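In: From the sequence below, what's the structure:
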Amino acid sequence: ANTLWAFATLGLQPGSSLVSALITRSVVVQKDFNPQDIANTFWALASLGVQPGKQLEDALNQQAIVVQHEFNSQNIANLLWALATLGLLPNKQLVSALTAQALVRKDLNPQDISNSLWAFTTLGIQPDTKLVAMMTDAWIVSGNFKSQDIGNMLWAACFLSIHSPTAACQLIRVLAPHHNTITLDDIQKCNFHYLNQLHQFFVACGVDESLRTGLPVSILALKETLGPACHQAFVNEDTKPSKSQQQVSQTLRGMGLFVTDEARCPRSGYSIDMMVHTNHSADDSGMRMQQSCNTLKMSNGWAIEFDGPWHFLECREPNGATLIKRHHLQLLGYSLISIPYWEWDNLKKGAGEREEYLWSRIKAYADVNEDTDILKATPSEVPTMATGIAGTLAYPSEDDGYGSSEQSQLLPPGQLKRLSCQQQQHQCWPNQELQQQQQYQSYPPQQVQQTQIAQHHRFLDMLQLQHQLQWQHQQDMHAQLQWQHKREVEKQRHIAQQYHRQGQQQCLPI
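Out: Purely as a prediction, here's the structure:
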């Protein structure tokens with residue numbers, strides 16, 4: 001433990017053979033490890049970026065449970081931070097033991113509290129509400145606050161709001177008096193992951209009703225001050241799709257679905273890997289389309305996320321950032337389907353197996369949401385279901401400019417077909433509104449108002465997305481016209497130069 005700690009503290013990377021020997025020896029002498037040895041070993045490996053291996057991980061976790069009553073607050077915080085940094089999910093017994101010991105010690109300093117809550121959030125573990133309350137009380141009596149600690153705590157509150165909104169609101173209220181600790185200068189110096197965490201918190205303040213209703217004024221002011229900078233850094237992230245993600249997108253297109261890659265959610269700034277929002281090639285009748293509109297209950301279409309290794313812990317459980325993103329997208333009305341990378345990589349290269357897998361994921365989503373109409377469908381009916389998705393969206397009418405003859409001339413045939421499908425879908429709106437009104441009669445007035453507000457937000461998001469797609473297409477058409485004009489000018493210049501050379505040759509003396 002001391003050897004690894006020394007290497008990590010000095011910033012020296014030991015050779016792989018030495019690390020392997022130290023890990024092997026640690027497994028042999030595991031029963032001699034005290035809490036500080038366990039915490040230091042994991043902390044050193046995390047700082048060096050070296051995975052301990054399953055054997056050492058299990059051995060030290062078991063030893064930590066044996067000596068749990070000897071842990072102090074710093075040992076607990078360091079161990080949790082190291083496990084989170086390594087992406088190692090501790091078993092429930094160890095989490096319970098560390099939680100019980102932390103409640104007994106009650107001497108956590110601000111950095112210990114910040115690191116512990118950050119670790120719980122990164123690992124996707126909802127901490128015990130008693131532990132959060134104890135940490136909140138300890139934070140109040142502390143006096144040494146840093147911007148990194150405040151940011152970690154706000155991100156933890158964002159994750160807590162998923163299952164413990166009361167604890168999250170209490171934590172935010174405690175942090176509110178210290179909001180001035182984070183400044184724009186701090187934001188410019190922080191790394192990308194820290195900015196991502198703040199951005200997710202600000203998104204939660206806008207889409208999570210449990211947080212938005214009780215936000216202190218100082219936190220709202222912090223959002224107005226730092227929110228734009230965090231949002232800009234978030235959307236500027238390189239979102240180049242992987243080869244596997246491109247394969248998923250191509251397979252979906254082969255199934256007759258229209259897919260938008262890396263669609264940016266206008267309200268949250270999240271990049272959605274693949275957005276299935278309308279049918280591109282299937283020629284279905286208007287009646288069948290209306291039936292799909294009425295039966296398929298998906299508000300903003302299928303948001304399909306291809307989750308690579310960085311979305312998961314070592315045990316292939318989703319990490320905290322991924323869970324927060326999924327929660328936000330669901331609050332925004334997206335029907336989210338996740339494709340784990342290992343399941344896709346295990347498929348054969350044949351298109352048939354891939355299509356069958358994607359269809360099974362769609363059916364699995366429908367099964368969870370008890371949508372029997374999707375469960376009864378067959379893979380050949382997937383395009384019809386996709387058209388039904390578009391039917392649940394509030395598209396602008398022809399008078400709004402999306403169906404005008406002038407703008408239609410700018411669109412390729414595929415998009416003209418989609419616009420005609422959207423116009424046909426207006427016919428089913430009165431029936432949908434009648435069904436919604438009948439359903440609202442059984443709701444309390446407050447729930448009806450919240451539902452209507454959520455529908456209005458989804459309408460605004462989809463309207464902005466439509467405008468973005470229209471603007472992008474016009475930009476592409478303009479660039480193509482410029483390129484064609486440039487080629488024509490160069491061609492005429494080349495012809496003129498040829499005539500000029502021929503004239504000079506005729507004037508030369510024989």
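In: List the residues that contact the residue minimising distance to the centre of the chain.
Out: The centre of the chain sits closest to Lys325, judged by Cα atoms, centre = their mean, with a distance of 3.5 Å. Residues in contact with Lys325 (Cβ atoms under 8 Å, 6 or more residues apart in numbering) are Gln200, Tyr270. Bear in mind the C-beta positions are built from the backbone N, C-alpha and C, glycine included.
In: element containing it, please.
Out: helix 320-331 (DSSP states H and E).
In: Now the element after that helix, going C-ward?
Out: Immediately after helix 320-331, counting by DSSP H and E, sits strand 335-340.
In: Partner strands of that next one, with direction?
Out: strand 302-307 (parallel) (DSSP bridges).
In: ok and the partner strand relative to helix 320-331, angle-wise?
Out: Relative orientation of strand 302-307 versus helix 320-331 (axes from the mean of the first three to the mean of the last three Cα atoms, to 10 degrees): 180 degrees.
In: Residues in contact with strand 302-307: which ones?
Out: Residues from elsewhere that reach strand 302-307 (Cβ under 8 Å, 6+ apart): 241-242, 244-245, 248, 252, 263, 272-277, 318, 322, 326, 329, 334-341, 344, 362, 386, 389.
In: ok, of the residues you listed, which come out buried?
Out: 241, 245, 248, 252, 263, 272-277, 318, 322, 326, 329, 334-341, 344, 362, 386, 389 (16 or more other Cβ atoms under 10 Å).
In: Just confirm Ser161 contacts Asp208, I think it does.
Out: Yes - counting by Cβ atoms under 8 Å, Ser161 does reach Asp208; the two are 5.4 Å apart.
In: Name the spans of the stretch 351-500 of the chain whose pLDDT lies under the cut-off.
Out: Low-confidence segments of the stretch 351-500 of the chain (pLDDT under 70): 366-462, 464-473, 475-476, 479, 499-500.
In: mind running it again at 90?
Out: In the predicted model of the stretch 351-500 of the chain, residues 351-353, 355-356, 358-500 satisfy pLDDT under 90.
In: same question, the stretch 201-350 of the chain
Out: For the stretch 201-350 of the chain (pLDDT under 90), the answer is 206, 208-242, 252-260, 263, 266-267, 276-302, 333-335, 347-350.
In: Can you show me the strands along it?
Out: 257-264, 271-279, 302-307, 335-340 (DSSP state E, counting those that start in this stretch).
In: so which of the ones you listed gets nearest Met477?
Out: Comparing those against Met477 with Cβ to Cβ, the closest turns out to be strand 257-264 (17.6 Å).
In: ok, for Met274, nearest residue in space, not its chain neighbours?
Out: Among residues not flanking Met274 along the chain, Ile304 sits closest, at 4.2 Å (Cβ to Cβ, 6 or more residues apart in numbering).
In: What count of nearby residues applies to that neighbour?
Out: Ile304: 26 surrounding residues under other Cβ atoms under 10 Å.
In: and if you look at the one 10 residues further on?
Out: Using other Cβ under 10 Å as the criterion, Glu314 is surrounded by 14 other residues.
In: Pull out the buried positions in the helix or strand harbouring Leu22.
Out: Using DSSP H and E, Leu22 sits in helix 16-28. Neighbour-count burial for helix 16-28 flags Val19, Leu22, Ile23, Ser26 (criterion: 16+ other Cβ under 10 Å).
In: Next: stretch 304-312.
Out: Ile304, Glu305, Phe306, Asp307, Gly308, His311, Phe312.
In: returning to what we had before: okay, the buried residues of helix 16-28 in CSV with pLDDT and distance to Glu57 next?
Out: Below are those laid out as CSV (pLDDT from 0 to 100; distance: Cβ to Cβ, whole Å):
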residue, pLDDT, distance to Glu57
Val19, 92, 14
Leu22, 93, 14
Ile23, 93, 10
Ser26, 92, 11
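In: for those, which one is nearest Phe202?
Out: For the buried residues of helix 16-28, the residue nearest Phe202 by Cβ to Cβ is Val19; the value is 40.3 Å.
In: So that closest one sits against Val50, correct?
Out: Yes - with contact defined as Cβ under 8 Å, Val19 counts as touching Val50 (5.7 Å).
In: follow-up on the earlier one: as JSON lines, the strands of the stretch 201-350 of the chain with distance to Pro35 would be great.
Out: Listed next are the strands of the stretch 201-350 of the chain as JSON lines, based on distance: least, Cβ to Cβ, whole Å:
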{"stretch": "strand 257-264", "distance to Pro35": "46"}
{"stretch": "strand 271-279", "distance to Pro35": "42"}
{"stretch": "strand 302-307", "distance to Pro35": "35"}
{"stretch": "strand 335-340", "distance to Pro35": "35"}
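In: looking at the ones you listed, which is closest to Phe7?
Out: Phe7 lies closest to strand 302-307 among the strands of the stretch 201-350 of the chain, at 33.5 Å (Cβ to Cβ).
In: how much distance is there from that closest one to the middle of the chain?
Out: Relative to the chain's own centre, strand 302-307 is displaced by 9 Å; criterion: Cα atoms, centre = their mean, to the nearest Å.
In: how many degrees apart are that strand and strand 257-264 in direction?
Out: 60 degrees.
In: Is the residue nearest to Met274 bridged to anything, and to what?
Out: Taking DSSP bridges as the rule, Ile304 bridges to Met274, Ile337.
In: Quick check: the gap between it and Leu83.
Out: According to Cβ to Cβ, to the nearest Å, Ile304 and Leu83 sit 31 Å apart.
In: Gly124 too?
Out: For Gly124, the distance to Leu83 equals 12 Å [Cβ to Cβ].
In: And the buried residues of helix 16-28, which is closest to Gln74?
Out: Nearest member of the buried residues of helix 16-28 to Gln74, counting by Cβ to Cβ, is Ser26, at 20.6 Å.
In: Enumerate every residue touching the closest one.
Out: Ala1, Phe33, Thr41, Leu56, Ala59, Leu60.
In: Okay, it and Trp344: tell me how far apart.
Out: Per Cβ to Cβ, Ser26 is found 36 Å from Trp344.
In: Give me the below-cutoff pLDDT ranges for the stretch 1-150 of the chain.
Out: The stretch 1-150 of the chain contains residues with pLDDT under 90 at 1-2, 10-12, 105-111, 129, 133, 135-150.
In: run the last query once more with 80
Out: Applying pLDDT under 80 to the stretch 1-150 of the chain flags the ranges 140-145.
In: Gly151: what secondary structure?
Out: helix (DSSP: H, G, I helix; E, B strand; the rest coil).
In: My guess is Leu103 contacts Ala133. True?
Out: No - counting by Cβ under 8 Å, Leu103 does not reach Ala133; the two are 9.7 Å apart.
In: Thank you kindly, that will do.
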